[in-house]
Each structure stands twice: as C-alpha cells, then as structure tokens.
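In: Structure, please.
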Amino acid sequence: MSTITVAALILKGGEVFLGKRRPNRKMWPGVWDLIGGHCEREETPEETLVSEVNDEIGVTPINFTQFATVNDSIVGSPSGYPCLVFLVTEWTGTPRNMQLHEHSEISWFPITDSLNVDLAHPDYPTIFRTIAFCRSMIGSKHFPQSVLDGCG
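Out: As a prediction, this is how the structure comes out:
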C-alpha cells in the first residue's frame, strides 16, 4: 500500500460533499470525511482521485486541482502519510453511495455548516474556511486557478 492518500473536496456552489464513515471503520469511525483513498503504487495521485471518487460515489472528476496537503498521522507511521486534497469543481454523474461498507450516508453541506459536524481530519475546518474566504472575495461559483494559488 502506498504512503500517499488523496481526498476530493467536491464543491458545488457554496456546498461541499462529505461522506459519513461507518462506525465500524478502523480509521475515523462515525465522522464526516472527504471522499478518497490510498494511491496504488502504479497510480498517480490524479489517477487515484478519479478512480476513488468514481468507485465510492459514482462520479468522475473532470476539473480539479491540488489545493492542500494534510498529514494523515493516524495511518500508521510516526510522521504520517501525506494526504493530497484536490478541489473538484466539475464532474460527470450524480453522487450516490456506491460503497455502503465505507459510508453510512453521504450529503452536501453548506461550507459554513460543515464546520459544525464531526470531521475526520483536524485540518479540514481550516481548508473549508479558506475555500469560504476565497469564494466570498470573488463571489462566483467557480474561481480561477490564480485565486486558488493565492489562497492555498
């Protein structure tokens, strides 16, 4: 198994898409998480992003960019694994829970409301606040890469 993971911050307007991890999951049971997973050795992070999102919720990301990197310290090594967070702003398909053994439910949350649920990673609130700030500064549904570069 790779020491790199990816997570999709799927954004639609002012909402973020989250999956609630089943209570029996080994890592982060019963909390809301971004969709993602471990890179296979032969996969690039971008390939992993597309395959994991498609496998877990049945959509295919088509417009995405790496937005942040967080440390998955719980995964098993003392220094943790890097988790590459990709901002996904365009996709094909309609999200649905394709892996019931992983997520007990899936849902869209207004970005500010997502700060009030139990989140899997302690860095997610900072990432969500950054997205909300960038959106408020330019006031559009999708913002250009140049703005993302300045807010990441």
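
In: What's the biggest helix in the protein, counting residues?
Out: Determined from DSSP state H, the single longest helix within the chain is helix 124-138.

In: Now it: buried residues?
Out: With burial defined by 16 or more other C-beta atoms under 10 Å, the residues of helix 124-138 counted as buried are 124, 127-128, 130-132, 134-135. (Each C-beta comes from the backbone N, C-alpha and C, glycine too.)

In: doesn't Gly37 make contact with Glu52?
Out: Yes. Using C-beta atoms under 8 Å, Glu52 and Gly37 qualify as a contacting pair, with a distance of 4.1 Å.

In: what about the helices in the chain?
Out: Using DSSP H, helices in the chain cover 45-57, 111-114, 124-138, 145-151.

In: between those, which one is nearest to Glu90?
Out: helix 45-57 (12.1 Å; C-beta to C-beta).

In: mind listing what's buried in that closest one?
Out: Buried, per 16+ other C-beta under 10 Å, within helix 45-57: 45-46, 48-54, 56-57.

In: Tell me which other helices or strands it touches.
Out: strand 5-12, strand 15-21, strand 35-38, strand 60-72, strand 81-92 (3 or more C-beta pairs under 8 Å, 6 or more residues apart in numbering; DSSP states H and E).

In: hmm, try it at 6 Å
Out: strand 5-12, strand 35-38, strand 60-72 (3 or more C-beta pairs under 6 Å, 6 or more residues apart in numbering; DSSP states H and E).

In: Make CSV from the helices of the chain and add mean pLDDT and distance to Lys26 to it.
Out: Putting the helices of the chain into CSV (pLDDT from 0 to 100; distance: least, C-beta to C-beta, whole Å) gives the following:
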stretch, mean pLDDT, distance to Lys26
helix 45-57, 97, 17
helix 111-114, 93, 23
helix 124-138, 84, 19
helix 145-151, 48, 33
